[in-house]
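Novice: got a predicted model here, sequence first, then my questions.
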Amino acid sequence: MSAGPATPLQPVAADGAGFVALGDPVPRIDGRAKVTGQARYAAEITVDGLVHGVVVNAAIPRGRILAVHDAQARAVRGVLDVLWHGQPSEAPQLAHYFGSGEDFSTVPVKPLVSDRVHYAGQPVALVLAQSWEAARYAAGLVRIDYERQPHATDLLRRRADGRAPYELDEDTAPPTPRGDADAAFAIAPVKTDAEFHQAVEHHNPMELHASTVIFEGDGRLTIHDKNQGGYATRKRLAKVFGLPESQLTLLNTFVGGAFGSGLRPQYNLLLAIVGALHLRRAVRVVLTRQQMFTFGHRPEIWQRVRLGAARDGTLQALIHEAVGETSRVSDFTEMVTRWSGTLYRCENLRGDYRVLPLDLPTPLDMRAPGAASGLFALEVAMDELAQALGMDPLALRLHNHAERSPSGDKPYSSKKLRECYLLAAERFGWSRRPPQPRSMREGHELIGWGMASGQWIAEQQEAQARVVWHADGCVDVETAASDIGTGTSTVLAQLAAAALGMRLDDVRVHIADTRLPQAPTEGGSSHVASVGSAVDGACEKLRKKVWQLARAMAGSPLAGSEFADVEFIGGSVRLRNSTGDGLGLHQVLAGAGVGTLEAHFHLEPDEDEQGRYQRAAHSAVFCEVRVDEAMGTVRVTRVVSAVACGRIINELTARSQVLGGIVWGIGQALHEGTLIDHGLGRFMTVDLANYHVPVNADVHSLEVIFVPEDDRIVSRLGAKGVGEIGGLGVAAAISNAIWHATGRRTRVLPMTPEKVMSPVTA
């Protein structure tokens, strides 16, 4: 009954030879499958007897369920059951699967456990039917009586009630205080003090969240789910349902974008498993676009940044405070103010981060969590300080550039931010920028130039990989790594082909299956540094095995050689700098009478070694905007982003990641914000007609510069992450450019036309 393992991804050679090197712009190996419809996503797995589940969501923001009227729904032809919390004793006891009480430590919401409603949109019932159409129709017939209770969803009105988070770790805690920031600010010759606000953002990947859970005959579950890490998801599910991990197989071969929404199991997966265990059949649950707004999101944030400086621009005081929303059932924290402690030199620093519980879904990590919000406020504040000083914004940043990490006084494993500034400024033409606002115009549009800095963590996680070389010349790369559209599978194929000197189209990549070697969740821009390093390690082991076999062959040109003396190139192993052809790789296996060779590598980061350094990726973003002063519309007509993110393994996929990040930054700046009706206590913009994202007409000239960098502290490949750094600094640069165009500050995101027309006059 199981759909079985996914077909391995195999590239098509881009040229006649098909040999590649690291850094080459290799097209995505999964591209053909995606554009031709061969790729199968979680909602497209077909098995016999599949049951369809449709979720019913709560209509109130807070209260209790008094009664569920499901008779009409059950009467619909094809409906098999309607599951909710208060069913008769012969119905499944759903609390058995999720435990009792209000402990939400494993999952952000436990659907169908009790009569309590914690937010509008909370899943409160599941209709199971033989067809999606029947389940959808029946779900609309379920009627629920509620007892409403007072609710609160307005962060700005209640932010004074914010409290310290229950738990903070090194990643989410505010920066360690330095000096006396308040006293230094009070006496600083030049100072700025500004408040910032960012609305809720929702992930909205192209692929809807979906799960197909197959109940096998022996009670095992084969689960196809949209997530960013099969191993982590399986571990959470085993804890929630009290099942051994060996009974669960997770597959997420193709993921149509996630951006953090797939870091933890969403309720579609939990309910699909409940349905499959209840009916002992395969069950699929797919969320609608509207239901994509009923779980985690980037939280609404209020911030205040105070900067004090000497008249030469030296930062003397930096105070950064933030209040972010969380839910009433689970604390959500992110590193909002941490960046103010790491980006610039400042002897007096204080950061504060508080959370405000509201009757909304628990927020969730969203691309560059914390940094996207915190760096916006910091970088706009730096621009305001430059204005107050009469100083060029780039010169102010260069003047306060940190050669060592201000937090902990650690050396950087590598840092090319200064080079990012200079290269991007030159390419953009920043030296021609007139300092006065409202000094450039073309027709009815005011033109402005702005810039900002970006910084993101550079991490490596534990990972495993296996590489198998077959006598027919093909190589299998195996790891449970995810590819959420970032190009992971392509990079892994490229790494193996380059390391073994083989053709790209002779490499087959097997990923996203928990039957494969363990891999971390794809998140935090660490996947290539982690999984890629594991593949590289396995390939090195395999090269040594091939060399040993080749050296032992009769009449071998490698006889007596050391491993350091040989190279793998052009499908052969040969002595370095040799003019001979060496030994063909297929010859080596055939000569040794070996059908396959394999190597396994377990990457365990040296935390002590890495901990001695500050590890980060950096960027400098310069942008041009054109503002129609009569209409308040803003066009971002030019962006130049210089990025230092370690060694670039695939120039094409890396550039695509940064370009996508820039578009995200444009969305954050000008378009994306989920509106809340505080009277009803629910999100109102819950589809792509009303929740605006950038489209082709919003994207003009985008240029990416990769600053050469090779960091062997972060990873054995020298690579850092690319995914998040591309979007950082963009919104701030756009805000700063709007000020340069109009002479007025806009500190509220998104900067929609009505805000641009009537912002704060700076």
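Specialist: Received, thanks.
Novice: please count neighbours and contacts with C-alpha atoms only from this point.
Specialist: OK.
Novice: quick one: contacts for Lys720?
Specialist: 458-459, 525-526, 528-529, 616-617, 645-647, 711, 714 (CA atoms under 8 Å, 6 or more residues apart in numbering).
Novice: what about 10 Å?
Specialist: By CA atoms under 10 Å, 6 or more residues apart in numbering, the residues touching Lys720 are 456-460, 525-530, 615-617, 644-649, 709-714.
Novice: surely Gly537 touches Leu500?
Specialist: No - using CA atoms under 10 Å, Gly537 is not in contact with Leu500; the gap is 11.6 Å.
Novice: got any residues that touch both of these two?
Specialist: The overlap between the contact sets of Gly537 and Leu500 (CA under 10 Å, 6+ apart) consists of Arg543.
Novice: next one: His52 from Glu133, what distance?
Specialist: Per CA to CA, to the nearest Å, His52 is found 9 Å from Glu133.
Novice: between those two, who's got more neighbours?
Specialist: His52 (26 against 13; other CA atoms under 10 Å).
Novice: residues contacting that one?
Specialist: 79-80, 126-136, 212, 272, 275, 282-286.
Novice: buried among those? Need that as a selection in ChimeraX.
Specialist: Those of the contacts of His52 that count as buried under 16 or more other CA atoms under 10 Å are selected in ChimeraX with:
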select :79,80,126,127,128,129,130,132,134,135,136,212,272,275,282,283,284,285,286
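Novice: so of the contacts of His52, which ones are in strands?
Specialist: Val79, Leu80, Leu126, Val127, Leu128, Ala129, Thr212, Val283, Arg284, Val285, Val286 (DSSP state E).
Novice: list the contacts for the last one?
Specialist: Applying CA under 10 Å, 6+ apart to Val286 gives the contacts 42-43, 52-55, 132, 208-212, 225, 268-269, 272, 292.
Novice: gap between Ala616 and Gly524?
Specialist: For Ala616 relative to Gly524 (CA to CA), the value is 11 Å.
Novice: which phi and psi values does Leu248 adopt?
Specialist: Leu248 adopts backbone torsions of phi -120, psi 130, taken as degrees, to the nearest 10.
Novice: can you tell me the element the residue with the largest distance to the centre of the chain falls in?
Specialist: What lies farthest from the middle of the chain is Gly555; by CA atoms, centre = their mean that is 53.0 Å. Using DSSP states H and E, Gly555 falls within no helix or strand.
Novice: tell me the phi and psi of it?
Specialist: phi 70, psi 20.
Novice: where's it relative to Gly591, distance?
Specialist: Distance, Gly555 to Gly591, using CA to CA: 11 Å.
Novice: spit out the residues that contact these two alike.
Specialist: In contact with both Gly555 and Gly591: no residue, using CA under 10 Å, 6+ apart.
Novice: hmm, Gly721 and His527 touching each other?
Specialist: Yes - the pair His527 / Gly721 is scored as a contact, 7.3 Å apart, by CA under 10 Å.
Novice: overlap in contacts of these two?
Specialist: Glu459, Gln460.
Novice: any weak-confidence spans in the protein?
Specialist: Where the chain drops to pLDDT under 70, the residues are 1-17, 88-108, 759-762.
Novice: how does it divide up, domain by domain?
Specialist: 31-39+461-604, 44-149+209-286, 181-200+298-459+612-761 (automatic domain parsing).
Novice: okay, those in TSV with distance to Glu167 next?
Specialist: Shown next, in TSV, are the domains of the chain (distance: least, CA to CA, whole Å):
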stretch	distance to Glu167
domain 31-39+461-604	20
domain 44-149+209-286	12
domain 181-200+298-459+612-761	8
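Novice: packing partners of the one helix or strand Gly667 maps to?
Specialist: In the assignment (DSSP H and E), Gly667 maps to helix 651-670. With contacts defined as 3 or more CA pairs under 10 Å, 6 or more residues apart in numbering; DSSP states H and E, the packing partners of helix 651-670 are helix 371-389, helix 488-500, strand 633-644, strand 701-706, helix 730-742, strand 748-749.
Novice: mind redoing it with 6 Å?
Specialist: Packing contacts for helix 651-670, counted by 3 or more CA pairs under 6 Å, 6 or more residues apart in numbering; DSSP states H and E, involve helix 730-742.
Novice: re earlier: list the ones among the contacts of Lys720 that fall in strands.
Specialist: Counting by DSSP E, the contacts of Lys720 contribute Trp456, Ile457, Ala616, Ala617, Ala644 to strands.
Novice: please tell me how far the first one sits from Gly673.
Specialist: The one in question is Trp456. 23 Å.
Novice: likewise the last one?
Specialist: If you measure Ala644 against Gly673 using CA to CA, the figure is 30 Å.
Novice: for Ala620, same thing?
Specialist: Taken as CA to CA, the span from Ala620 to Gly673 is 25 Å.
Novice: the two: which is more packed in?
Specialist: For Ala620 versus Gly673, neighbours defined as other CA under 10 Å are more numerous around Ala620 (31 against 25).
Novice: three-state assignment of that one?
Specialist: strand (DSSP: H, G, I helix; E, B strand; the rest coil).
Novice: in stretch 23-30, which residues are buried?
Specialist: Gly23, Pro25, Val26, Pro27, Arg28, Ile29, Asp30.
Novice: show residues contacting that stretch.
Specialist: Applying CA atoms under 6 Å, 6 or more residues apart in numbering, the contact partners of stretch 23-30 are Pro11, Thr490, Ile648, Ile649, Asn650, Glu651, Leu652.
Novice: now do stretch 638-649
Specialist: The contact list for stretch 638-649, computed with CA under 6 Å, 6+ apart, reads 22-23, 416, 420, 424, 617-624, 701-707, 709-711, 718-720.
Novice: repeat that with 7 Å
Specialist: Contacts with stretch 638-649, where a contact means CA atoms under 7 Å, 6 or more residues apart in numbering, come from 22-23, 416-417, 420, 423-424, 428, 491, 617-624, 700-711, 718-722.
Novice: part of a helix, is Arg716?
Specialist: No - applying three-state DSSP, one finds Arg716 to be coil, outside a helix.
Novice: and the nearest residue to it once chain neighbours are set aside, how many neighbours?
Specialist: Computed as CA to CA, 6 or more residues apart in numbering, the closest residue to Arg716 that is not its neighbour in sequence is Ser533, at 6.0 Å. Look at Ser533: counted by other CA under 10 Å, it has 28 neighbours.
Novice: please apply the same query to Leu749.
Specialist: 26.
Novice: ok, it touching Ala199?
Specialist: Yes - taking CA atoms under 7 Å as the definition, Leu749 is a contact partner of Ala199 at 6.2 Å.
Novice: residues shared between the contacts of those two?
Specialist: Joint contacts of Leu749 and Ala199 (CA under 7 Å, 6+ apart) do not exist.
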